[in-house]
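# can't give you the sequence, but here's the structure:
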């Protein structure tokens with residue numbers, strides 16, 4: 001009976017998520033045409049993924065070259081282009097890969113439900129967490145794009161589930177869970193390299209766990225972090241070796257060095273010099289193009305030089321940069337995915353949704369003018385969507401802190417998982433980068449809300465008993 005109940009929940013979650021995503025798919029197909037699903041006719045990321053996938057399918061080369069010779073590409077990690085190339089090879093287009101992407105996106109709420117069940121031990125609370133995740137607007141929209149985020153979020157959510165299972169098991173840790181969670185983190189990193197440094201978090205958790213271990217089994221607790229790191233590196237090793245073979249250097253992607261200067265240093269300098277971000281961003285991009293050429297991001301040697309320039313700039317005033325980097329964390333949590341989806345998917349003219357950035361710049365006059373310049377409907381949508389973001393961020397982080405009382409290591413792990421992304425992403429706090437942190441934020445928001453409700457109910461009962 002229990003299994004049947006779970007199957008029904010899985011079916012509801014998958015069905016609701018699929019209905020939302022397919023509805024959006026048909027709307028986009030009808031309103032924007034089949035070209036919308038052709039990545040070569042879309043933005044930079046989609047075009048690059050699409051080009052590599054085509055070259056893999058048609059020429060067996062992991063390359064972004066448009067014609068022979070198909071030179072190896074150093075910028076994109078392999079999992080998503082390989083995934084795309086398989087479905088492109090089978091169908092000769094990108095509509096089928098999009099449908100598969102939608103199916104994968106629709107299955108992620110099921111993983112979120114199981115993760116919530118693991119943490120909250122309550123079916124209703126877990127279902128609420130999963131259904132909220134299923135309805136995240138930008139998650140639904142991203143599933144219709146040729147972007148790595150959907151696949152990455154699925155892999156990272158599975159990693160969170162198996163590592164949480166491992167951390168909650170106490171003394172009865174199964175080594176298969178260590179291997180599986182490490183493997184999934186490695187695959188997630190080869191999908192999007194943003195998690196390449198996150199490996200330190202589970203290793204620290206496994207090391208901390210030795211303080212809860214009996215002395216006779218202390219060796220096992222030191223072997224666990226070593227095993228986790230070894231599996232993670234083993235998963236990455238074919239790609240690292242491929243890059244060393246072609247470029248004489250071990251690395252995951254050439255993009256990091258370029259973005260360190262363009263996406264991290266540029267906003268910092270703009271704030272210091274009291275100029276707009278777009279102005280400083282354009283100036284640095286022009287400087288890079290003049291000095292290194294237009295393909296600087298796709299050359300590992302050039303990208304390394306740009307990285308050195310960025311680090312040199314930061315080291316001139318590391319404290320000031322560190323404070324700036326910490327100050328931009330709210331941008332990550334408050335970038336408005338509702339308004340962003342309405343603008344990108346439905347081409348609606350929405351209010352300026354960079355509220356967190358304006359608050360950081362103390363541009364309160366612009367915020368007030370922007371709200372009052374909109375109609376009543378947009379003002380309501382604007383305020384309600386930001387209220388929801390605020391509650392999710394505050395309740396999610398607060399709930400993770402509250403969970404420390406329940407399980408210290410698991411609470412620490414999820415706090416690190418939530419804060420890792422804004423810390424590593426910095427000023428580029430686009431709403432899509434929040435997607436892998438959403439399971440934790442939503443689950444702990446529900447946990448805090450239900451804990452507060454139970455506390456109030458119990459308090460009322462106590463007061464009634466005292467009155468009697």
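Thanks, I have the structure now. Quick caveat: nothing in here was measured; it's all calculated off a predicted structure.
# rest of the way, CA atoms for contacts and neighbours
Noted.
# residue 386 touches residue 334, doesn't it?
Yes: counting by C-alpha atoms under 8 Å, residue 386 touches residue 334, with 7.1 Å between them.
# the two: which is more packed in?
Set residue 386 next to residue 334 and count neighbours by other C-alpha atoms under 10 Å: residue 334 wins out with 25 against 21.
# need the per-residue pLDDT for that one.
On pLDDT, residue 334 comes in at 87.
# repeat that for residue 370.
68.
# cool, and the one 4 residues further on?
On the pLDDT scale, residue 374 is placed at 68.
# surely residue 206 meets residue 224?
Yes: the pair residue 206 / residue 224 is scored as a contact, 6.6 Å apart, by C-alpha under 8 Å.
# contacts only, for the closest residue to residue 48 other than its chain neighbours.
With sequence-adjacent residues excluded and distances taken as C-alpha to C-alpha, 6 or more residues apart in numbering, residue 48 is closest to residue 64, at 6.6 Å. By C-alpha atoms under 8 Å, 6 or more residues apart in numbering, the contact set of residue 64 is 48, 51-52, 55, 70-73.
# quick one, which of those residues are buried?
48, 51-52, 55, 70, 72-73 (16 or more other C-alpha atoms under 10 Å).
# these into TSV, with extra columns for pLDDT, secondary structure and distance to residue 42?
TSV is the format used below for the buried ones among the contacts of residue 64 (pLDDT from 0 to 100; DSSP: H, G, I helix; E, B strand; the rest coil; distance: C-alpha to C-alpha, whole Å):
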residue	pLDDT	secondary structure	distance to residue 42
48	94	helix	10
51	95	helix	11
52	96	helix	14
55	96	helix	17
70	90	coil	22
72	93	strand	22
73	92	coil	19
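# and those, which two are furthest apart?
With C-alpha to C-alpha as the measure, no two of those lie farther apart than 48 and 70, at 13.8 Å.
# show me the shaky parts of this structure.
The chain contains residues with pLDDT under 70 at 1-3, 170-172, 211-221, 352-364, 366-368, 370-374, 467-468.
# doesn't residue 262 fall inside a helix?
Yes: Residue 262: assigned to a helix according to DSSP: H, G, I helix; E, B strand; the rest coil.
# which residues touch it?
281, 284-285.
# export the residues you listed as TSV, with columns for neighbour count and distance to residue 179.
Shown next, in TSV, are the contacts of residue 262 (neighbours: other C-alpha atoms under 10 Å; distance: C-alpha to C-alpha, whole Å):
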residue	neighbour count	distance to residue 179
281	20	42
284	17	43
285	17	42
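# return the member of those residues nearest to residue 122.
residue 281 (47.6 Å).
# tell me which element the closest one is part of?
Assigned by DSSP states H and E, residue 281 belongs to helix 277-292.
# report all helices and strands that that helix contacts.
helix 266-273 (3 or more C-alpha pairs under 8 Å, 6 or more residues apart in numbering; DSSP states H and E).
# name the helices or strands packed onto the helix it packs on?
helix 277-292.
# show me which positions of the helix it packs on end up buried.
Buried-residue list, helix 277-292, by 16+ other C-alpha under 10 Å: 277, 280-281, 284-285, 288, 292.
# contacts for the following helix or strand past it, please.
Proceeding N to C from helix 277-292, the next assigned helix or strand is helix 300-315, under DSSP H and E. Residues from elsewhere that reach helix 300-315 (C-alpha under 8 Å, 6+ apart): 74, 247, 253-258, 260-261, 265, 292, 296-297, 321.
# which one of these is nearest to residue 14?
residue 253 (33.6 Å).
# could you look up the SS state of the closest one?
Once three-state DSSP is applied, residue 253 turns out coil.
# so it sits against residue 78, correct?
No: using C-alpha under 8 Å, residue 253 is not in contact with residue 78, being 9.9 Å away.
# excluding chain neighbours, what is closest to the residue nearest the centre of the chain?
Centroid check for the chain by C-alpha atoms, centre = their mean gives residue 436 as the closest residue, at 3.5 Å. What sits nearest to residue 436 in space, not counting adjacent residues and going by C-alpha to C-alpha, 6+ apart, is residue 153, at 5.0 Å.
# do the same with residue 128
residue 446 (7.7 Å).
# so which of the contacts of residue 262 is the closest to residue 329?
So of the contacts of residue 262, ranked by how close each gets to residue 329 (C-alpha to C-alpha), first place is residue 281, at 19.3 Å.
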